[in-house]
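S.K.: predicted coordinates and the sequence they were generated for:
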Amino acid sequence: MGTSPKTLLGTKTVLGDGLTVSAIGFGGMALTPVYGAVDDAESLATLHHCIDVGMTFIDTANVYGGGANETLIAQLLADRRDEVQLATKFGINGDPTTGKLKARGDAEYVRQCIDESLGRLNTDTVDLYYMHRRDTSVPIEETVGAMAELVAAGKVRHLGLSEVTADELRAAVAVHPIAAVQSEWSIWSRDVERNVVPAAAELGVGFVPYSPLGRGFLTGTIRSAADLSSPGDFRSHIPRFTGEALDANLAVVQVVTSIADEAGATPAQVALAWLRQRAETLSVASVPIPGTRRPARVDENAGSIAVQLRPEQMAALETAGATVSGHRSIDPNWVSSARE
Ligand SMILES: NC(=O)c1ccc[n+]([C@@H]2O[C@H](COP(=O)([O-])OP(=O)(O)OC[C@H]3O[C@@H](n4cnc5c(N)ncnc54)[C@H](OP(=O)(O)O)[C@@H]3O)[C@@H](O)[C@H]2O)c1
């Protein structure tokens, strides 16, 4: 019998600024419908299961489900606030499912958003508060300065930044310690390795890879556009999930699947093991936040901690990932690489 998820998750990870979290976190976004239908009772069961097995670093944002995601997570926190390292975000106006989004980072908005999030989450403080996207019309010093005031006021314990460049990270760290950068990072999304991951490693800032399973694609469960046809599945608008790019990208998954077979693991576990080992090589403290609606997949994803890939398997995955077709974002200007 394999080692239990609870044992595997027994070792914690220290991100930046002394923030200690579970070695794998849980991404809550798809518990409100972005990748297909959800069932709140199952979602809540999944959240409780995460805490039961020690996947206690829970990620949400004010924009997910227009606040409904935070309200759902409040039901978990009602009984178990002390067991959770809670992360939420502010800074996106608009609707992530349509791609009509705008970043906002002025100080007044920061102060407004935290109070709204604390109200929905029904808690006094969040452990990690992220700027979700950079509003380039506002100096980052203003945004982070307003976030630092929230730490002083006890509303927030640590600060994070999502989809920032290395230069933006350096400017932010000059204002206040930053616990983590959260950006997309996986076998098929490696642009962050150029600048921001090395900067985080150098500055002692942790890294939280989002969409570590490639929004589900790297698990081998998406074979064609028909698998993205649930109402509101916004992956059907992302370039690499559409048309010829989707077909071409199946070759990447084939390599993940064959290495999973070799390793006696699942494709999701291989994707997460690759990320863990890559972060170790780059000397950055890193905690991915895979999301799932299903308790059994929480255990499967935790099982990645026991998977150790050989150097030639790492290299084969990197070669496959480099062949990816299509951008990772509906709007290429929406992610940090556009500002590098
Ligand atoms: N900062 C940002 O801008 C940003 C952007 C995107 C996401 N995020 C955060 O990152 C978190 C994770 O990213 P994500 O949800 O986009 O993508 P992901 O974690 O890479 O993939 C999630 C998808 O994979 C499927 N899945 C999960 N485990 C699986 C397994 N073991 N086997 C097969 N399929 C599996 C899930 O389907 P089922 O539900 O059916 O299991 C879901 O559709 C989000 O929840 C959110 O908190 C942040």
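M.R.: Thanks, I have the structure now. Numbering: from 1, shown residues only.
S.K.: how about stretch 265-285: buried residues?
M.R.: 265-279, 284-285 (16 or more other Cβ atoms under 10 Å). For glycine as for every other residue, the C-beta is placed from the backbone atoms N, C-alpha and C.
S.K.: same check, this time on stretch 214-225
M.R.: Neighbour count says stretch 214-225 has 214-220, 222 buried, by 16+ other Cβ under 10 Å.
S.K.: for the stretch 1-150 of the chain, which segments count as helices?
M.R.: Ranges of helices within the stretch 1-150 of the chain are 5-8, 40-53, 68-80, 107-121, 140-152, based on DSSP state H, counting those that start in this stretch.
S.K.: how many neighbours does the residue lying closest to residue 244 once chain neighbours are set aside have?
M.R.: Excluding the flanking residues, the one nearest residue 244 by Cβ to Cβ, 6 or more residues apart in numbering is residue 325, at 7.1 Å. Residue 325: 17 surrounding residues under other Cβ atoms under 10 Å.
S.K.: quick one: residue 325 and residue 240 touch, right?
M.R.: Yes: the pair residue 325 / residue 240 is scored as a contact, 6.3 Å apart, by Cβ atoms under 8 Å.
S.K.: overlap in contacts, these two.
M.R.: Counting by Cβ atoms under 8 Å, 6 or more residues apart in numbering, the shared contacts of residue 325 and residue 240 are residue 249.
S.K.: flag every residue of the stretch 101-250 of the chain that's near the ligand.
M.R.: Within the stretch 101-250 of the chain, the positions adjacent to the ligand are 132, 162-163, 182, 210-216, 219, 221 by Cβ under 6 Å from any ligand atom.
S.K.: same thing but 8 Å
M.R.: 130, 132-133, 162-163, 182-184, 186, 210-221 (Cβ under 8 Å from any ligand atom).
S.K.: can you flag which of those residues belong to strands?
M.R.: 130, 162, 182-184, 210 (DSSP state E).
S.K.: go through those residues and say which is closest to residue 46.
M.R.: Each of these was scored against residue 46 by Cβ to Cβ, and residue 210 proved nearest at 17.8 Å.
S.K.: how many neighbours does residue 125 have?
M.R.: 17.
S.K.: tally of neighbours for the closest residue to residue 90 other than its chain neighbours?
M.R.: Nearest non-adjacent residue to residue 90, counting by Cβ to Cβ, 6+ apart: residue 113, 3.5 Å away. Per other Cβ under 10 Å, the neighbour tally for residue 113 reads 24.
S.K.: OK, contacts around residue 113?
M.R.: Per Cβ under 8 Å, 6+ apart, neighbours of residue 113: 62, 90-91.
S.K.: distance to the ligand for these - can I get that in JSON lines?
M.R.: JSON lines is the format used below for the contacts of residue 113 (distance: Cβ to the nearest ligand atom, whole Å):
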{"residue": "62", "distance to the ligand": "12"}
{"residue": "90", "distance to the ligand": "12"}
{"residue": "91", "distance to the ligand": "10"}
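S.K.: any chance of those residues in CSV, with neighbour count and distance to residue 193 too?
M.R.: As requested, these are exported to CSV (neighbours: other Cβ atoms under 10 Å; distance: Cβ to Cβ, whole Å):
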residue, neighbour count, distance to residue 193
62, 22, 29
90, 26, 27
91, 25, 24
